[in-house]
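K.L.:
give me the fold of what follows.
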Amino acid sequence: MWVFSIYTMVDGLFVAHYVGERSLSAINVALPFVNTLFSIAILFSTGTATLIGITMGRGDHTAANKIFSFTAAFELLFSIFLYLVCRLNLSRIVTALGATPAIYDDVFLYLKIILLFNGFFIISYNFEVLVKTDGFPRLATIGVCLSAVTNIFLDYLFVGIFHWGVGGAAWATGIAQVFSTLLFLYHFVYGKSTLQFQSFQWNFKIYAKILPIGFGSFISEMSTGIIVFLYNHYILLLIGEQGLISYTVISYVNLFVSMSMIGLTQGMQPLVSYYYGKREPEEYHRFLKFSIIGVLCLSVLSYGISFFCTDFLTTIFIQPSNKDLFDYTTSALLYFSPSFLLVGFNLLIAGYFAAVGYAKHSVFIALARGFVFIWISLAITFSLQNETLLWLAAFFAELITLICSGILLYVTLHKNKQFM
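P.N.:
Numbering: from 1, shown residues only. The predicted structure follows:
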């Protein structure tokens, strides 16, 4: 997930340096839609991986293979349907995302190209998670790294050399997903995979189990885009386009932090699901404890880097010679960064509930932090017409969510015997 964050940020990096800061804000406006694609991938993959992990833990590999084969075929058909629906309504989508007239064309072009590869976004991510469930986490890392290197190289080629602008960044991102998809597909067809493609029956009822389990993780990932969308809206109203450019930098840093926490959580989930299926609570509780320690370390590290290296992080996207914009962005990042201390714990607790099949608990936490509390925080701080408090809204939302999720985890662990 670190690598994924880096190659996502690379689009913005090359666009900022070779096209301009206004086009950088166009990438940020388009980001919620890209997050939606990954959210859909997570919706399918988390529930599928949990169901397959529990099934494999019980020793029923035939059933696991049928689930794997059916879900892969379904996602292919779904991606075709999604392309047709979104392409026919792309103008409405761009307008709904809040694109101003100055960046409308860039946002439209970026999303038009990204849509061509939506199937690779969804299937590649699903295969990556299932490769880990299959017992090959190193291959999942190799696949993501291959995609990252491809994206960086193509960004340099398309944006830096060919000067294709925002469209070049979109082509680079989409083509990179093709490479990782092919690698994972090779593993399942020709590799040492335990999971194998085999004949299956079209049983759509299985999604009655998959979707509720994955919905919490879907909301957690979706919340990244929702938070960007809400911040964009209130920033334009209170601060203006300069604030939107500053938030683009902050959103990239926030993406890196959030993906770090999501990566650790997703690394935990198949292990917890497997031992939950084997009815070995000591084992899956041990992974929960290790994950909490990991999140604590990542949280402190993320905040420390953002606090002590603020100028460096800003310099990646904005030249210091643009003094007013540079100084404002560094200040805004300092106010936003305390949220990095809390976000990982909320994501981890939601992920843990999803891994053991407690979908409602996971969904509650995800909705709380990704929709309800962040909207309330932004609305209140905006009503006070205070820019500083607006940047602190994410911290307030994560804090209230953590109080709620901590209470929920404590009560569940001590009242439900199958967790003990």
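
K.L.:
going forward, measure contacts between C-alpha atoms and count neighbours the same way
P.N.:
Fine.

K.L.:
and stretch 135-149, what's buried?
P.N.:
Phe136, Pro137, Leu139, Ala140, Thr141, Gly143, Val144, Cys145, Leu146, Ser147, Ala148 (16 or more other CA atoms under 10 Å).

K.L.:
of the residues you listed, which belong to strands?
P.N.:
With DSSP state E as the criterion, strands contain none of these.

K.L.:
which one of those residues sits closest to Leu389?
P.N.:
Ala148 (35.6 Å; CA to CA).

K.L.:
helices or strands up against the host helix or strand of Gln266?
P.N.:
Element membership of Gln266 [criterion: DSSP states H and E] is helix 241-277. Using 3 or more CA pairs under 8 Å, 6 or more residues apart in numbering; DSSP states H and E, the elements in contact with helix 241-277 are helix 2-18, helix 21-57, helix 118-133, helix 207-238, helix 281-308, helix 323-336, helix 343-355.

K.L.:
export the buried residues of stretch 135-149 as JSON lines, with columns for pLDDT and distance to Ala397.
P.N.:
Shown next, in JSON lines, are those (pLDDT from 0 to 100; distance: CA to CA, whole Å):
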{"residue": "Phe136", "pLDDT": "88", "distance to Ala397": "36"}
{"residue": "Pro137", "pLDDT": "85", "distance to Ala397": "33"}
{"residue": "Leu139", "pLDDT": "92", "distance to Ala397": "36"}
{"residue": "Ala140", "pLDDT": "89", "distance to Ala397": "33"}
{"residue": "Thr141", "pLDDT": "87", "distance to Ala397": "32"}
{"residue": "Gly143", "pLDDT": "91", "distance to Ala397": "34"}
{"residue": "Val144", "pLDDT": "87", "distance to Ala397": "31"}
{"residue": "Cys145", "pLDDT": "88", "distance to Ala397": "33"}
{"residue": "Leu146", "pLDDT": "90", "distance to Ala397": "36"}
{"residue": "Ser147", "pLDDT": "90", "distance to Ala397": "33"}
{"residue": "Ala148", "pLDDT": "87", "distance to Ala397": "32"}
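
K.L.:
among those, name the ones in helices.
P.N.:
Per DSSP state H, helices hold the following members of these: Pro137, Leu139, Ala140, Thr141, Gly143, Val144, Cys145, Leu146, Ser147, Ala148.

K.L.:
setting the sequence-adjacent residues aside, check what's closest to the first one.
P.N.:
Nearest in space to Pro137, with sequence neighbours left out and distances taken as CA to CA, 6 or more residues apart in numbering, is Val131 at 6.5 Å.

K.L.:
re the thing from before, got the angle for the helix holding Gln266 vs helix 323-336?
P.N.:
Angle, helix 241-277 to helix 323-336, by axes from the mean of the first three to the mean of the last three CA atoms, to 10 degrees: 30 degrees.

K.L.:
tell me the angle the helix or strand hosting Ala73 makes with helix 118-133.
P.N.:
Using DSSP H and E, Ala73 sits in helix 61-88. For helix 61-88 against helix 118-133, the angle by the same axes, to 10 degrees is 160 degrees.

K.L.:
and helix 61-88, what does it pack onto?
P.N.:
helix 21-57, helix 104-116, helix 118-133.

K.L.:
looking only at pLDDT, what's the mean for the second one?
P.N.:
When you say that, I think you mean helix 104-116. The average pLDDT within helix 104-116 is 95.

K.L.:
please name every helix or strand in contact with it.
P.N.:
So helix 104-116, by 3+ CA pairs under 8 Å, 6+ apart, packs with helix 21-57, helix 61-88, helix 90-96, helix 165-190.

K.L.:
out of the ones you listed, which comes closest to Leu157?
P.N.:
Going by CA to CA, the one of these nearest Leu157 is helix 165-190, 8.4 Å.

K.L.:
state the pLDDT value of Ala96.
P.N.:
Reported pLDDT for Ala96: 90.

K.L.:
oh, I was asking about Ser220
P.N.:
For Ser220, the model assigns a pLDDT of 67.

K.L.:
for this protein, give me the ranges with low pLDDT.
P.N.:
Scanning the chain for pLDDT under 70 picks out 4, 7-8, 216, 220, 415-420.

K.L.:
centre-most residue in it?
P.N.:
Glu221 (4.3 Å; CA atoms, centre = their mean).

K.L.:
isn't the residue nearest to Pro137 right up against Leu183?
P.N.:
No: with contact defined as CA atoms under 8 Å, Val131 does not reach Leu183; the gap is 10.7 Å.

K.L.:
which one's more surrounded, these two?
P.N.:
Val131 (25 against 20; other CA atoms under 10 Å).

K.L.:
tell me the contacts of that one?
P.N.:
Residues counted as contacts of Val131 (CA atoms under 8 Å, 6 or more residues apart in numbering) are Pro137, Leu139, Ala140, Phe184.

K.L.:
measure it to His361 for me?
P.N.:
Using CA to CA, to the nearest Å, Val131 is found at 26 Å from His361.

K.L.:
what do you get for Tyr231?
P.N.:
The value you get for Tyr231 to His361, if CA to CA is used, is 26 Å.

K.L.:
and what of Ile292?
P.N.:
Counting by CA to CA - Ile292 and His361 are separated by 18 Å.

K.L.:
and Phe81, how many neighbours?
P.N.:
Phe81: 12 neighbours (other CA under 10 Å).

K.L.:
sweet, I'm off.
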